[in-house]
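> have a look at this fold, sequence not included:
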């Protein structure tokens, strides 16, 4: 974990409620796709945890949905403003068990961490399949970004307005070696029940500190209690207790 000040380079809309923020700063503490940052906002007691979408040596890309006062405050920020971030939080995804044909499943704001993961797996020579799930076409984003990496992409919408009609589980391919998923808990539960291989699922939870001190995000697993912010947010399929 590292505390650093970042400068906003970009803060632009991808859809009506989803924003892309690019920050300049020290990204050295980020070591794995699936980790998150915790953002301090003026006048807010608790920091806001946001998944890492992408990063390099000096830039950090976050994609967030405007759902409350904190994210609305972020949406109003402009290039040049500063943000205090805790970086390198969470365990991230384990790429070593991906196999040759990993499957990535992202639902809604669970899509962003799949991008950094896909990028790393493509660089490792894997044939990456991606399923992106949304409620309607107006909420869709980043399909082209995944395609540009070289991924085979399927988009599902619940109302059938774009791509495959239905849920992400309606688009599961016949063959994949390991799956990675991030999204709302009902989606994760359905993925857990529908997938044929081992996999890793990233969970969301309300957090206090974001680095394991307050124990506020503890959850029960088949191997004991774990903190979503510290031992998670990524859990192995085999350890999840619904």
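Okay, I see it. This structure is a prediction, so every number in the text was calculated from the model and none was measured.
> name the nearest residue to residue 55, ignoring sequence neighbours.
Nearest non-adjacent residue to residue 55, counting by CB to CB, 6 or more residues apart in numbering: residue 27, 4.7 Å away. In this view, the C-beta of every residue, glycine as well, is placed from N, C-alpha and C.
> for residue 181, same thing?
According to CB to CB, 6+ apart, the nearest residue to residue 181 is residue 105 (4.2 Å).
> tell me where the longest helix sits in the protein.
Assignment by DSSP state H gives helix 112-123 as the longest helix of the chain.
> which parts of it are buried?
Residues 112, 113, 114, 115, 116, 117, 118, 119, 120, 121 are the ones in helix 112-123 that count as buried (16 or more other CB atoms under 10 Å).
> same deal with stretch 231-242?
Buried, per 16+ other CB under 10 Å, within stretch 231-242: 231, 232, 233, 234, 235, 237, 240.
> same deal with stretch 12-32?
Those would be 14, 17-23, 25-27, 29-30, 32, for stretch 12-32 by 16+ other CB under 10 Å.
> rebuild those as TSV, extending it with secondary structure, pLDDT and distance to residue 4.
TSV is the format used below for the buried residues of stretch 12-32 (DSSP: H, G, I helix; E, B strand; the rest coil; pLDDT from 0 to 100; distance: CB to CB, whole Å):
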residue	secondary structure	pLDDT	distance to residue 4
14	coil	98	25
17	coil	97	28
18	strand	98	25
19	strand	98	21
20	strand	98	20
21	strand	98	15
22	strand	98	15
23	strand	98	10
25	coil	98	5
26	coil	98	4
27	coil	98	8
29	coil	98	8
30	coil	98	11
32	coil	97	18
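> find the centremost residue of this structure, please.
residue 113 (3.0 Å; CA atoms, centre = their mean).
> where does pLDDT dip in this protein?
Scanning the chain for pLDDT under 70 picks out 205-218, 230, 232.
> let me see the domain layout of it.
Here the domain assignment for the chain is 2-89, 95-199, 203-242, based on automatic domain parsing.
> and what about residue 192, helix, strand or coil?
Classification of residue 192 by DSSP: H, G, I helix; E, B strand; the rest coil places it in helix.
> what sits against it?
Going by CB atoms under 8 Å, 6 or more residues apart in numbering, residue 192 touches 199, 201, 237, 240, 242.
> from the centre of this protein, point out the most distant residue.
Furthest out from the centre of the chain (CA atoms, centre = their mean) sits residue 43, at 26.0 Å.
> roughly how far does the spatially closest residue to residue 202 that is not a sequence neighbour sit from residue 140?
Excluding its sequence neighbours, the residue lying closest to residue 202 (CB to CB, 6+ apart) is residue 182, at 4.0 Å. Separation of residue 182 from residue 140 (CB to CB, to the nearest Å): 16 Å.
> which of the two has more neighbours?
Of the pair residue 182 and residue 140, residue 182 is the one with more neighbours under other CB atoms under 10 Å, namely 29 against 21.
> how much space separates that one from residue 199?
In terms of CB to CB, residue 182 sits 11 Å off from residue 199.
> just checking, what packs against the top strand by length along the chain?
Longest strand of the chain, by residue count under DSSP state E: strand 2-13. Judged by 3 or more CB pairs under 8 Å, 6 or more residues apart in numbering; DSSP states H and E, strand 2-13 is in contact with strand 18-24, strand 82-89.
> mind running it again at 10 Å?
Judged by 3 or more CB pairs under 10 Å, 6 or more residues apart in numbering; DSSP states H and E, the packing partners of strand 2-13 are strand 18-24, strand 36-40, strand 59-65, helix 69-75, strand 82-89.
> for residue 152, find the nearest of the ones you listed.
Ranking those by distance to residue 152, with CB to CB as the measure, places strand 59-65 first at 21.3 Å.
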